[in-house]
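In: Here is a sequence together with a model predicted from it:
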Amino acid sequence: MNNALFATFLETGRVEILYDPEQPLAADDAEFVIARLTLDFRGEIQWPGSVTVGTGVRKVGNSSLTLSQAIYQDGRCVADAETVIVQVDTASRKARPLTPAARKRFEDLRIAGI
């Protein structure tokens, strides 16, 4: 499989955390953007087959959060990643503080022991 597909799998894990249609987490007139993505390949993904993506919050900042993610296939880790997401104002494109509701949701999803 093409290595770009790994980033697509990771995106699905991020979307599950960041975009809840019933409880929007971005402030009004704001959106989440990737500031940094570090991806380490640990193995190959075999096709046909399926993968599992694990995503958890590592750190919550004032306007950002850091996610830890991993992709598994057949019980083995084929990639892991760390992503920094920043909430930005849609007009100015400057960082904007997380809402209290977003902060609570992200804190609830923090990985234990980190």
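Out: Yep, that arrived. Numbering: from 1, shown residues only.

In: Nearest the middle, which residue of the protein would you pick?
Out: Arg14 (3.3 Å; C-alpha atoms, centre = their mean).

In: Which of the helices or strands spans it?
Out: helix 4-18 (DSSP states H and E).

In: pLDDT below threshold where in the chain?
Out: Flagging of the chain using pLDDT under 70 yields the residue ranges 1, 114.

In: Recalculate using a threshold of 80.
Out: Scanning the chain for pLDDT under 80 picks out 1-2, 113-114.

In: gap between the residue in it sticking out farthest from the centre and Pro24?
Out: Within the chain, Pro48 marks the point farthest from the mean C-alpha position, 25.3 Å out by C-alpha atoms, centre = their mean. Remark: distance between Pro48 and Pro24 (C-beta to C-beta, to the nearest Å) = 36 Å. Yep, even glycine has a C-beta here, placed from its N, CA and C like the rest.

In: And for Glu11?
Out: Following C-beta to C-beta, the distance that separates Glu11 from Pro24 is 18 Å.

In: how about Arg42, what does it touch?
Out: Arg76, Cys77, Val78, Ala79, Asp80 (C-beta atoms under 8 Å, 6 or more residues apart in numbering).

In: and if you look at Thr8?
Out: Counted by C-beta under 8 Å, 6+ apart, Thr8 has zero contacts.

In: just Val33 next, same as before
Out: Ile85, Val86, Val88.

In: looking at this, Ala26 is in a helix?
Out: No - counting by DSSP: H, G, I helix; E, B strand; the rest coil, Ala26 is not found in a helix; it is coil.

In: Am I right that it is in contact with Ala102?
Out: Yes - with contacts counted by C-beta atoms under 8 Å, Ala26 reaches Ala102, the gap being 7.3 Å.

In: where do the contact lists of the two overlap?
Out: What both Ala26 and Ala102 touch, as defined by C-beta under 8 Å, 6+ apart, is the set Gln87.

In: Same drill for those two, tell me which one is more crowded.
Out: Per other C-beta atoms under 10 Å, whichever of Ala26 and Ala102 has more neighbours is Ala102, with 21 against 17.

In: The more buried one and Arg36: what is the separation?
Out: 19 Å.

In: Same question for Arg58.
Out: Arg58 is 12 Å from Arg36, by C-beta to C-beta.
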